[in-house]
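**Q** the sequence and its predicted three-dimensional model are supplied below.
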Number of protein chains: 2
Amino acid sequence: MVNEQVDRFFEVLADPTRRQVVQLLGEGPQRAGRLAAATGVSSPAMSRHLRILLSAGLVTDERVAEDARVRVFRLRPEPVVAVQAWLDQVQAHWQENLGAFKTHLEGKS
Amino acid sequence: MVNEQVDRFFEVLADPTRRQVVQLLGEGPQRAGRLAAATGVSSPAMSRHLRILLSAGLVTDERVAEDARVRVFRLRPEPVVAVQAWLDQVQAHWQENLGAFKTHLEGKS
DNA sequence: GAAGTAGTTAACCAGATCTGTAACTATTAA
DNA sequence: TTAATAGTTACAGATCTGGTTAACTACTTC
């Protein structure tokens, strides 16, 4: 409704664990196992979270050359930027109309 | 975990209807009934959403002087700002470490 | 090749949440 | 004072989501 990408973003970040993952990935790329340990969640649970983050385009993954078993995840900035833009827009409207609200309210306070 | 206010914000905005309400309130204050109509949800449902938005500090409400039955809701910018700050921080880390990631990855591409 | 490690998929359970209908309060209008 | 309007609360049904355990695949190491 609001915006395809923004909607998906909020949907995905509704979960605290995924929010933590995003926070962690903001600090640098991480392998799945480490993310599971860091968030205190089981591997299967983390696996699902990561799949969701991937499908929403919030992260990318990559196999490590030295060990094909490990998967490293990295944050994609684009969706973050999109959400920032949405928030900016909401706020812009808000400020734009602020004057009008004020005068509207003056009549009763 | 991430931040009290930010966590609450995402929790609350996980719901698409509430997201729409925030968007609508960004454009100006609205009474409950209009919000229900605009989002296509029943009044009881909207009532509940608004209570949640209120308790999270995302909006404020006010009775109208001319008609004590209607309740007008307005967006509070503070939480929006808090979330923007969080996103900025995530992104800042990301960019900060970007150089390091790149050199790290150069070894295998 | 056998054992161990990284991660995914499957099955199932538990808790949370959203919704609509119906009933109720409060306020305004006739 | 009766009828209508704005909104809330209560109830019950349905869906969704996340978590765990167990089983499985793929790769590495001994």
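**A** Sure, I can see it.
**Q** pLDDT at the closest residue to DNA strand C within chain A, what is it?
**A** Nearest residue of chain A to DNA strand C, counting by CB to the nearest atom of the strand: A:Gly33, 2.4 Å away. For every residue, glycine as well, the C-beta is placed using N, CA and C. Among the per-residue scores, A:Gly33 shows a pLDDT of 96.
**Q** that one touches A:Ser43, doesn't it?
**A** Yes. A:Gly33 lies in contact with A:Ser43 (CB atoms under 8 Å); the separation is 6.9 Å.
**Q** returning to that earlier point: what's near enough to touch the residue of chain A closest to DNA strand C?
**A** For A:Gly33, the contact set (CB atoms under 8 Å, 6 or more residues apart in numbering or on different chains) comprises A:43, A:70.
**Q** buried stuff in whatever helix or strand it lives in?
**A** Secondary structure assignment for A:Gly33, by DSSP states H and E: helix A:32-39. By neighbour count, and taking 16 or more other CB atoms under 10 Å in any protein chain shown as the criterion, the buried residues in helix A:32-39 are A:32, A:35-36, A:39.
**Q** now the helix or strand where A:Phe73 lies against helix A:32-39, angle please.
**A** Secondary-structure element containing A:Phe73, defined by DSSP H and E: strand A:71-75. Going by axes from the mean of the first three to the mean of the last three CA atoms, to 10 degrees, strand A:71-75 is angled at 60 degrees with respect to helix A:32-39.
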